[in-house]
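Asker: Here is my input; please provide its structure:
(one chain, ligands or ions: 1)
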Amino acid sequence: MKNGIRSFLAIAKHLGTAILHPTKVGSLFPSTRYVARAIIRELPKGHAHLVEFGPGTGAITGKLLEALPLQGTLTALELNTAFKPSLDRFHDPRFTVLFQDVLTALPEIKRKHPQGVDAVVSGIPFSLIPIPIREKIVAATAEVLRPGGRFVVYQSTRLLVPLFREHFAEVKVAYEVRNVFPYFIITGTRS
Ligand SMILES: C[S@@+](CC[C@H](N)C(=O)[O-])C[C@H]1O[C@@H](n2cnc3c(N)ncnc32)[C@H](O)[C@@H]1O
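Answerer: Presented below is the predicted three-dimensional model:
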């Protein structure tokens, strides 16, 4: 399928799903390639094993796969099966998607990667998630990272920064304006 048609269909699928499930999707449009690049800049050097929370139509997923070495893995955790056809387009043996809530799926990630993964990238709408669940997700994510591993979150607010400071040795905030709406890219590095 031509890229223009694929992008149009992805935007339509994302927008339609966001209208049906506004509090779960949390944005009207898929992220731009500028956001994807800003996220990739934050990944640890030599990364091989990644997890993605909330891939949606795969706007970030495709770029993460491009940046992944041949022996790498990317496991995506997505709540909404409406995005399955979009994610099935990645015919890539390094890529797996589990249609589960992140909190339910994280123990499976821990079993699969007992030494910890290099990074977790998240687009889930933390600001719409109740505070106790938000805290559990951040704590459980820190647990699946290897020492020096990173949790990279893209969000419209800096809301997670204080919580990140509780769980990570180092916290960095970047800003990418070329997105509807602009995103903060918050990176926590495990000690
Ligand atoms: C803002 S969209 C991001 C989509 C895509 N990554 C992008 O940047 O265009 C958030 C995505 O997170 C998913 N999501 C929300 N809560 C989730 C949860 N608890 N577990 C797994 N996925 C979740 C939604 O279904 C949606 O696909």
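Asker: all contacts plus neighbour counts: C-alpha atoms, from now on.
Answerer: Fine.
Asker: and after the longest strand along the chain, which helix or strand comes next?
Answerer: Longest strand of the chain, by residue count under DSSP state E: strand 145-155. Going down the chain from strand 145-155, the next helix or strand is helix 161-167, by DSSP states H and E.
Asker: so what's Ile40 up against?
Answerer: Leu64, Ala67 (CA atoms under 8 Å, 6 or more residues apart in numbering).
Asker: Model confidence for it, exactly?
Answerer: Looking at Ile40, its pLDDT stands at 98.
Asker: ok, it to Thr81 distance?
Answerer: 26 Å (CA to CA, to the nearest Å).
Asker: Quick one: the helices in this protein, in order.
Answerer: With helices called from DSSP state H, the chain shows them at 3-20, 22-25, 33-41, 61-66, 84-87, 102-112, 131-144, 161-167.
Asker: count of neighbours near Ala169?
Answerer: 12 (other CA atoms under 10 Å).
Asker: That one reaches Ser191, doesn't it?
Answerer: Yes - Ala169 lies in contact with Ser191 (CA atoms under 8 Å); the separation is 5.2 Å.
Asker: before we move on, back to that, as CSV, the helices of the chain with distance to Asn179 would be great.
Answerer: Listed next are the helices of the chain as CSV, based on distance: least, CA to CA, whole Å:
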stretch, distance to Asn179
helix 3-20, 13
helix 22-25, 16
helix 33-41, 7
helix 61-66, 16
helix 84-87, 20
helix 102-112, 24
helix 131-144, 24
helix 161-167, 20
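Asker: Any chance of those helices in a markdown table with distance to the ligand as columns?
Answerer: Below are these laid out as a markdown table (distance: least, CA to the nearest ligand atom, whole Å):
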| stretch | distance to the ligand |
| --- | --- |
| helix 3-20 | 8 |
| helix 22-25 | 4 |
| helix 33-41 | 8 |
| helix 61-66 | 7 |
| helix 84-87 | 10 |
| helix 102-112 | 4 |
| helix 131-144 | 9 |
| helix 161-167 | 17 |
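Asker: wait, which of these is closest to Gly72?
Answerer: Proximity to Gly72 (CA to CA) singles out helix 61-66 among those, at 8.9 Å.
Asker: May I have the beta-bridge partners of Val153?
Answerer: Per DSSP bridges, residues listed as beta-bridge partners of Val153: Ser122, Ile186.
Asker: Tell me the confidence at it?
Answerer: Looking at Val153, its pLDDT reads 98.
Asker: same check, this time on His21
Answerer: 92.
Asker: Got the phi and psi for it?
Answerer: Main-chain dihedrals, His21, degrees, to the nearest 10: phi -130, psi 60.
Asker: How about residues contacting stretch 8-25?
Answerer: Residues outside stretch 8-25 that contact it (CA under 8 Å, 6+ apart) are 26-30, 56-57, 82-83, 86, 124-125, 128.
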